[in-house]
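**Q** Predicted structure and sequence below. I'll ask about it afterward.
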Amino acid sequence: MKNVITFLMLLVMLTSFAQSKYDKGMQKAFDLWKNNKTTEASQLFERISNVEKENWLPPYYVATIEILTSFGLKDAATLNAKLKKAQEFLDMAATNSENNPEIMITQALLNTAYISFDGQKYGMTLSGKNNALYQQALKTAPKNPRVILSKAEWDMGTAKFFGQSIEPYCKDVEKTIPLFEKETLPKYYPRGGVDRAKEILKKCNLK
């Protein structure tokens, strides 16, 4: 019995130590990201991914950083390298968390990065995929404000492209504000978006 208790105590101590290292690593990566050191942040999230092999969050953040920093690039080779890496880590995250709406909308954002770079080349093939991703994410998490906001922004872009009104989607954005404000999430879970929603609403002249 004494040996069992000793083993359990040792297991708890090791788990706490591992969790402490994970927390320190994640916090440092977020601090780097906050200070616009995106390359260093991505590399640290990648190293954490190599240790936390069943955790979807570190690879998710690698993918997210690579996607966000691909917008505005002019060189096709650089863009393709970043988005290929993003896809690899997003696939890793999806393996560890199936039917995850946060991963779905990030996949749509990755597709949008390609479309933004060359709409003529990628628009036809990826636009339909994005529509399907947003519908699936909304069905999976109908009250997730990031899902609603991301879908609304995509719909706005489509409406503008075809010369249609964005007003219906402004109303969707407006719905996200109270959802953001009452949202409670686990540690390190994707969060935020309320400032973006308010910024869009100003352009909609709703607020």
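**A** Now that the structure is in, tell me what you want to look at.
**Q** what comes up buried for stretch 62-77?
**A** Val62, Ala63, Thr64, Ile65, Glu66, Ile67, Leu68, Thr69, Ser70, Leu73 (16 or more other Cβ atoms under 10 Å). C-beta here means a position set from N, CA and C on the backbone, and glycine is covered the same way.
**Q** now what about it, what contacts it?
**A** Contacts with stretch 62-77, where a contact means Cβ atoms under 8 Å, 6 or more residues apart in numbering, come from 33, 38, 41-42, 45-46, 49, 79, 82-83, 85-87, 89-90, 93, 106, 109-110, 113, 116-118, 190.
**Q** now these: which count as buried?
**A** 33, 41-42, 45-46, 49, 79, 82-83, 85-87, 89-90, 93, 106, 109-110, 113, 116-117, 190.
**Q** Three-state assignment for Lys143, please.
**A** Using DSSP: H, G, I helix; E, B strand; the rest coil, the structure places Lys143 in coil.
**Q** Was I right to think it contacts Leu179?
**A** Yes. Counting by Cβ atoms under 8 Å, Lys143 does reach Leu179; the two are 6.0 Å apart.
**Q** These two: which is more packed in?
**A** The residue with more neighbours, out of Lys143 and Leu179, is Leu179; 18 against 12, by other Cβ atoms under 10 Å.
**Q** in the helix or strand containing that one, what's buried?
**A** Assigned by DSSP states H and E, Leu179 falls within helix 167-181. For helix 167-181, a neighbour-count test (16+ other Cβ under 10 Å) marks Tyr169, Cys170, Asp172, Val173, Glu174, Thr176, Ile177, Leu179, Phe180 as buried.
**Q** in the chain, what spans have low per-residue confidence?
**A** Scanning the chain for pLDDT under 70 picks out the ranges 1-19, 206-207.
**Q** 50 instead, please
**A** Regions of the chain meeting the criterion pLDDT under 50 cover residues 1-17, 206-207.
**Q** Figure out how far stretch 178-196 is from the centre of its chain.
**A** Relative to the centre of its chain, stretch 178-196 is centred 12 Å away, using Cα atoms, centre = their mean, to the nearest Å.
**Q** and what of stretch 100-114?
**A** Counting by Cα atoms, centre = their mean, stretch 100-114 comes out at 7 Å from the chain centroid.
**Q** The chain should start at 38 in everything you say after this.
**A** That works, and once the first residue is 38, the last one we named lands at stretch 137-151.
**Q** contacting residues around it?
**A** Residues outside stretch 137-151 that contact it (Cβ under 8 Å, 6+ apart): 93, 97, 100-101, 104, 107-108, 116, 120, 123-124, 127, 130-131, 134, 158-159, 163, 166-167, 170-171, 173-175, 177-178, 181, 183-184, 187-188, 191, 226-227.
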